[in-house]
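Trainee: Predicted model and sequence follow; I will ask about them next.
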Amino acid sequence: MKTSYITQKVQQQIRDLADIARLLWERGWAESNAGNISIDISGMLKPFGSSNKQFPQRRMPKQYPELANAQFLITGAGTRMRDVAMQPTKTVIIIEINEDGSAYSMLQNNAETNRLLPTSELATHLTLYQEHRKQGTAIKAIVHTHPTEIIVLTHFPELLNEQTLNTTFWRIHPEALIANPAGIGLIPYILTGTEALAQATADSMQHHPAVVWEKHGCIAAAETISKAFDLIDVANKAAQIYLCCRNAGIVPIGLTDVQLEELKHTFGSPQQR
Ligand code: 2HA
Ligand code: ZN
């Protein structure tokens with residue numbers, strides 16, 4: 001990545017992204033090239049605009065008008081989170097969306113990042129930023145990863161229901177509701193890297209800041225990358241506790257109905273109170 005135009009603010013965002021990549025790797029959620037991260041850095045760099053021929057534009061299958069002139073840090077396709085942690089400037093790309101949201105250019109010109117393209121889940125990242133901008137909600141970072149225990153739970157047919165999954169999490173680990181009163185979304189298995197996955201995730205995110213992808217992983221969006229990580233971390237802790245109980249030979253009951261109602265009444269979303 002050529003550094004001359006990269007501001008201190010952007011450098012800090014790159015460090016923050018690398019810190020979260022390290023956590024994903026250390027959690028065991030980032031085997032090989034699993035997972036991807038992006039941060040909206042719009043306003044932190046002067047837009048280059050399409051008049052700049054230094055960075056060629058690549059057209060996208062879909063147009064993102066709300067993202068006109070936006071800039072993002074995004075992990076490169078095929079990059080390993082452990083490498084992102086160690087060498088973010090070789091694995092993270094800066095992209096700028098053009099004036100009508102139909103193409104992006106990669107703001108980079110060193111030999112290593114030049115060979116990279118944005119993550120295979122680019123469509124999902126951009127669709128989520130686009131939909132949140134439309135709704136006026138301020139998300140600035142997206143984390144997609146493969147949290148082991150959450151994925152395991154999507155192989156339990158009896159938990160493949162959004163309400164059941166959330167109630168299970170809240171009963172077994174009340175902090176899961178406190179950390180995310182809106183609950184986690186759950187969408188059925190959809191092929192990785194597709195527009196269909198992007199759209200289903202965006203639909204679910206109208207109600208939930210984090211979404212489980214059946215038999216694949218989890219994705220979260222928040223105002224900061226740390227908050228996006230926390231959403232997945234807390235949900236996975238609940239999944240871990242549940243699985244520990246099952247491994248110990250019990251099907252845990254968790255909070256009683258009265259205790260769950262008290263929790264929802266105190267910490268739940270307005271609809272639950
Ligand atoms: O980036 O995890 O979902 C690799 C993936 C695709
Ligand atoms: Zn994935």
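Mentor: Cool, got the structure. Ligands and ions are numbered 1, 2, ... in the order given.
Trainee: how many other residues sit next to residue 246?
Mentor: 14 (other C-beta atoms under 10 Å). In short, each C-beta sits where N, CA and C put it, glycine included.
Trainee: Now do the helix or strand it falls within: everything it contacts.
Mentor: Residue 246 is part of helix 225-247, with elements assigned from DSSP states H and E. Under the contact criterion C-beta atoms under 8 Å, 6 or more residues apart in numbering, helix 225-247 has outside partners 16-17, 20, 23-24, 27, 29, 37, 39, 140-143, 145, 147-150, 152-153, 168-170, 172-173, 175-176, 179-180, 184, 209-210, 212, 218, 220-222, 251-252.
Trainee: elements contacting whichever helix or strand comes after that helix?
Mentor: Per DSSP H and E, the first helix or strand lying C-terminal to helix 225-247 is helix 257-267. Using 3 or more C-beta pairs under 8 Å, 6 or more residues apart in numbering; DSSP states H and E, the elements in contact with helix 257-267 are helix 162-172, helix 175-179.
Trainee: How about the helix holding residue 246 and ligand 1, touching?
Mentor: No - for helix 225-247, no contact with ligand 1 is found by C-beta under 6 Å from any ligand atom; the gap never falls below 13.0 Å.
Trainee: now the residue in the stretch 51-200 of the chain that ligand 1 sits nearest to: how far from residue 272?
Mentor: Sorted by distance to ligand 1 under C-beta to the nearest ligand atom, the residues of the stretch 51-200 of the chain start with residue 192, at 4.4 Å. Separation of residue 192 from residue 272 (C-beta to C-beta, to the nearest Å) stands at 33 Å.
Trainee: From the neighbour counts alone, determine which of those two ranks first.
Mentor: residue 272 (16 against 13).
Trainee: Show the contacting residues for the closest residue in space to that one that isn't next to it in sequence.
Mentor: Ranked by C-beta to C-beta, 6 or more residues apart in numbering and with sequence neighbours excluded, the top spatial neighbour of residue 272 is residue 264, at 4.2 Å. Shown in contact with residue 264 (C-beta under 8 Å, 6+ apart): 170, 177, 272-273.
Trainee: Tell me which other helices or strands the helix or strand hosting residue 83 touches.
Mentor: Residue 83 is part of helix 81-86 when elements are defined by DSSP H and E. Contact partners of helix 81-86 among helices and strands, from 3+ C-beta pairs under 8 Å, 6+ apart: helix 8-27, helix 88-91.
Trainee: could those helices be laid out in JSON lines, adding mean pLDDT, mean neighbour count and distance to ligand 1?
Mentor: Below are those laid out as JSON lines (pLDDT from 0 to 100; neighbours: other C-beta atoms under 10 Å; distance: least, C-beta to the nearest ligand atom, whole Å):
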{"stretch": "helix 8-27", "mean pLDDT": "97", "mean neighbour count": "18", "distance to ligand 1": "10"}
{"stretch": "helix 88-91", "mean pLDDT": "93", "mean neighbour count": "20", "distance to ligand 1": "12"}
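Trainee: In TSV: those, plus distance to residue 53.
Mentor: As requested, the helices and strands packed on helix 81-86 are arranged in TSV below (distance: least, C-beta to C-beta, whole Å):
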stretch	distance to residue 53
helix 8-27	22
helix 88-91	24
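Trainee: Pass me the low-pLDDT residue ranges in the stretch 101-250 of the chain, would you?
Mentor: Judged by pLDDT under 70, the stretch 101-250 of the chain has its weakly predicted residues at 109-114.
Trainee: Swap in 80 and give it another go.
Mentor: 108-114 (pLDDT under 80).
Trainee: near ligand 1, which residues of it?
Mentor: By C-beta under 6 Å from any ligand atom, the residues of the stretch 101-250 of the chain that approach ligand 1 are 119-121, 192.
Trainee: could you redo the last one with a cut-off of 5 Å?
Mentor: Contact residues, the stretch 101-250 of the chain versus ligand 1 (C-beta under 5 Å from any ligand atom): residue 192.
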